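**Student:** when you get a sec, could you give me coordinates for this:
(one chain, ligands or ions: 1)
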Amino acid sequence: MIIGKIEKNEKTVGFNSEICCTICGKQVPGGLKTGEKYHQTKEFEKELTEFKKNYLCGICRDKKRLENN
Ligand SMILES: [Zn+2]
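**Tutor:** Numbers count the residues shown, from 1 in each chain. Here you go, the predicted structure:
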């Protein structure tokens with residue numbers, strides 16, 4: 001899964017971070033990727049934190065979408 005910004009032709013950095021669905025607690029499978037430059041910024045740390053707070057797995061996202069319709 002890719003988070004943050006990756007510029008055109010930029011190398012990506014893979015990293016591991018435990019990200020779990022905020023509803024069912026299921027962990028995101030596989031690693032995460034972001035752009036090499038973005039990886040070293042404070043924004044990246046912030047975005048990752050926010051991402052973790054709001055993450056929903058595919059199943060819960062679908063459920064939520066159905067509820068909203
Ligand atoms: Zn879930």
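**Student:** for the lengthiest helix in the chain, buried residues please.
**Tutor:** The longest helix of the chain (DSSP state H) is helix 42-54. Buried residues in helix 42-54, counted by 16 or more other CB atoms under 10 Å: 44, 47-48, 51. Every residue, glycine included, has its C-beta placed from N, CA and C.
**Student:** near the ion, anything from that helix?
**Tutor:** No - applying CB under 5 Å from the ion, one finds helix 42-54 separated from the ion by no less than 12.1 Å.
**Student:** helices or strands next to that helix in the packing?
**Tutor:** Contacts defined by 3 or more CB pairs under 8 Å, 6 or more residues apart in numbering; DSSP states H and E place helix 42-54 against no helix or strand at all.
**Student:** how far off centre is it?
**Tutor:** 8 Å (CA atoms, centre = their mean, to the nearest Å).
**Student:** now whichever helix or strand comes after that helix: how far from the chain's centre is it?
**Tutor:** Beyond helix 42-54 on the C-terminal side, the first helix or strand identified by DSSP states H and E is helix 58-68. Offset of helix 58-68 from its chain centre (CA atoms, centre = their mean): 17 Å.
**Student:** so Gly4 sits against Glu50, correct?
**Tutor:** No - applying CB atoms under 8 Å as the test, Gly4 and Glu50 come out as separate, 10.9 Å apart.
**Student:** now for the two: what residues contact both?
**Tutor:** The contact sets of Gly4 and Glu50 do not overlap (CB atoms under 8 Å, 6 or more residues apart in numbering).
**Student:** what are the contacting residues of the longest helix of the chain?
**Tutor:** If you take CB under 8 Å, 6+ apart as the criterion, helix 42-54 is touched by 3-4, 17, 19-20, 22, 34, 38.
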